[in-house]
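A.B. asks: Here is the input, now give the coordinates:
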Amino acid sequence: MPLKTMDATVSDFERVFEKFKLENSGSNLKFLLFLADKDPSTSRSWCPDCNVAEPVIYEKLESSQSDVALLRAYVGDRTTWRNRGHPLRVDPRFKLSGVPTLIRWENETITGRLEDHEAHVSRKIDSLLARD
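C.D. replies: Numbering: from 1, shown residues only. You can find the predicted model right below:
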């Protein structure tokens, strides 16, 4: 099934997140992927874990038999992300501590998540996709 994606930054996250939920209300699976920003000159993230995890996550989501919607939320540059008061770190819905973080979102809540140290592990992504 095709993977439907939307992108958000820290500054437009709330608006895009609401649009994502509204436009994908009929999708079987909804995921949020929190990532570090990419360097425009290299198209690579400043976060090595993001560079490893992204291709694995996309491959798994794209190969799903279900309709999958993905919101990619970029958390900013390294300095912005390191701030303990970062809006997505202190948001009670997500409580982010690292990037990448892959979250399965259902019924206005998190029903599964993979943190930075495990977001690249294929079998864990498979498990997150299969969770009922």
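A.B. asks: Each with direction, which strands does the worst-scoring helix or strand of the chain on mean pLDDT pair with?
C.D. replies: Lowest on mean pLDDT, DSSP states H and E among the helices and strands of the chain sits strand 38-39, with a mean of 90. Partners of strand 38-39 in the sheet, by DSSP bridges, are strand 44-45 (antiparallel).
A.B. asks: next SSE after the strand it pairs with?
C.D. replies: helix 48-62 (DSSP states H and E).
A.B. asks: Please, which helix or strand holds residue 111?
C.D. replies: Judged by DSSP H and E, residue 111 forms part of strand 109-114.
A.B. asks: buried sites along whichever helix or strand comes after that strand?
C.D. replies: Where DSSP H and E defines the elements, the next helix or strand beyond strand 109-114 is helix 122-130. Using 16 or more other CB atoms under 10 Å as the test for burial, helix 122-130 gives 124, 125, 128, 129. All C-beta atoms are positioned from the backbone trio N, CA, C, and that covers glycine.
A.B. asks: Let's have the residues you listed in CSV, adding pLDDT and distance to residue 65.
C.D. replies: CSV is the format used below for the buried residues of helix 122-130 (pLDDT from 0 to 100; distance: CB to CB, whole Å):
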residue, pLDDT, distance to residue 65
124, 97, 18
125, 97, 14
128, 95, 14
129, 93, 9
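A.B. asks: What residues are bridge-paired with the spatially most central residue of the chain?
C.D. replies: Here the mean C-alpha position of the chain is nearest to the C-alpha of residue 33 (CA atoms, centre = their mean), at a distance of 0.4 Å. When assigned by DSSP bridges, residue 33 has beta-bridge partners residue 72, residue 102.
A.B. asks: show me where pLDDT drops low in the protein?
C.D. replies: 1, 27, 132 (pLDDT under 70).
A.B. asks: please redo it, this time with the cut-off set to 90
C.D. replies: 1-2, 24-28, 39-41, 43, 65-66, 131-132 (pLDDT under 90).
A.B. asks: about what we covered before: tell me the one of the buried residues of helix 122-130 nearest residue 92?
C.D. replies: residue 128 (21.5 Å; CB to CB).
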